[in-house]
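Enquirer: everything below, folded, please.
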Amino acid sequence: MATPTNLSHRRTHNLLLISKLLNPRDAPSPLTLLLDSLEQPATPLIREYIRRAKLSKVHVTFISFETLRRPDGVDAFISARRKKPSELAKEVANAYSAPATTGAQQRRRLILIDSIHPLLNPRGPEGPVHLPSYLSSLIMPANPTAAAASQLQSTLVVTYHQDVPIATNPQSYSPTPLYLLTYLATTIISLHSLSHILAQKAARDRSLAAPVFGLEEEQDGVVLGRLDHLKGHENVEGVVLEVEHRRKSGRGVVEWYVLPPVSPRSQQTKEVVTLLDDHPLYRPPELEEHAKEEEPDSTFELRLTERQRREREGVVLPYFDAQKGDGPGEGGRILYDMGEEDDFDEEEDEI
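Expert: Numbering: from 1, shown residues only. Okay, the predicted model is just below:
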């Protein structure tokens, strides 16, 4: 069982980690993979990325395959429909103009792709792209348009829809696109609905089978989760983030977070993401802590007064001196001081 000190260290460490991952200021993760679904799209998390990027004065480039309207706070909006991957890469490289100053805050860039599936389609204009080389060309173009772009720190955030199938060649021995993306990504964020997580947690607490939602129900006509499975949690707002971050040393960190709804125009700099274990609806009040704080009802006084505590500490028990170990065979000796009421017997004293 984890001690309170370990829990406090884990909370502090992992909250600092998610703050760095969502803020592209230090570029801690060159490639972040977002795994969303119909039950929980990645739109709230993408809005949070853009909001934090604007607070940090980071250039935001949005590559749109599905988004029709330009999101608020985006510096460069690139429509990728009916464009070849090579043409798209050139537009992404030209969308960033090197600033006149060379400050550290002016050489950072956030690139968002709302859906990676069109680039993985083998029936596209140029066929499926080679993911490692193509994604690397987006982060760092081969021919930068300015000298300052060579020192550009870019963060690429890619969205992968888990409910959308991808047509692959059955005779190919290459790994699947999802497997390759999870191998290349330094951070993988799986998005879940908070109401679904709460419903599954409530079922597990009652030793029942956790409910499934949407396509996992495998019922005809069911696409999204039905409200009758949520049992009172249908109005809960928030997104659950299952984050797996891989450090340079190879050590991985896995943690669950809750992202509450935040306005895209909010200027709040305080961290809003919390651990899932700290959410009030996910973790009920701990009865053990309340039991320790509350004292049992009794007619006796169970606690010592300050005077009684000092007198107890001043008592020297007879076996304390025997534990000093003055010599061999002396460890079991018991010293006893005779009182006035004791009857002295010389024969017993010699024994």
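
Enquirer: lowest confidence element among the helices and strands of this protein?
Expert: helix 287-293 (a mean of 46; mean pLDDT, DSSP states H and E).

Enquirer: mind listing what's buried in the lengthiest helix in the chain?
Expert: As assigned by DSSP state H, the longest helix anywhere in the chain is helix 4-22. Residues of helix 4-22 classed as buried: Asn14, Leu15, Leu17, Ile18, Leu21, Leu22 (neighbour count, 16 or more other CB atoms under 10 Å). Bear in mind the C-beta positions are built from the backbone N, C-alpha and C, glycine included.

Enquirer: which of these lies closest to Phe213?
Expert: Comparing these against Phe213 with CB to CB places Ile18 closest, at 25.1 Å.

Enquirer: mind listing what the closest one touches?
Expert: Contact analysis of Ile18 by CB atoms under 8 Å, 6 or more residues apart in numbering lists Leu241, Val243, Glu255, Tyr257, Glu271, Val273.

Enquirer: hmm, try it at 7 Å
Expert: Shown in contact with Ile18 (CB atoms under 7 Å, 6 or more residues apart in numbering): Val243, Tyr257, Val273.

Enquirer: for the last one, give me phi and psi.
Expert: Backbone dihedrals for Val273, given as degrees, to the nearest 10, come out at phi -80, psi 140.

Enquirer: Glu242 is in what secondary structure piece?
Expert: strand 239-246 (DSSP states H and E).

Enquirer: again, but for Lys54
Expert: With DSSP H and E as criterion, Lys54 is part of helix 43-55.

Enquirer: ditto for Val236
Expert: Counting by DSSP H and E, Val236 is found in no helix or strand.

Enquirer: if we ignore the residues flanking it in sequence, what's nearest it?
Expert: Ser195 (4.6 Å; CB to CB, 6 or more residues apart in numbering).

Enquirer: how far away from the center of its chain is stretch 61-71?
Expert: 26 Å (CA atoms, centre = their mean, to the nearest Å).

Enquirer: same question, stretch 83-101
Expert: 32 Å.

Enquirer: ok, stretch 12-26 next?
Expert: For stretch 12-26, the distance to the chain centre is 9 Å (CA atoms, centre = their mean).

Enquirer: kindly export the strand holding Glu242 (C-alpha atoms) in PDB.
Expert: Coordinates of each C-alpha in strand 239-246 appear next as PDB, following Å, rounded to 0.1, in the frame of the first residue of the first chain:
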ATOM      1  CA  VAL A 239     -12.200  14.600 -20.600                       C
ATOM      2  CA  VAL A 240     -10.100  11.800 -19.100                       C
ATOM      3  CA  LEU A 241      -6.600  11.600 -20.500                       C
ATOM      4  CA  GLU A 242      -4.600   8.400 -20.300                       C
ATOM      5  CA  VAL A 243      -1.100   9.600 -20.900                       C
ATOM      6  CA  GLU A 244       2.000   7.500 -21.600                       C
ATOM      7  CA  HIS A 245       5.200   9.500 -21.900                       C
ATOM      8  CA  ARG A 246       8.500   8.000 -22.900                       C
END
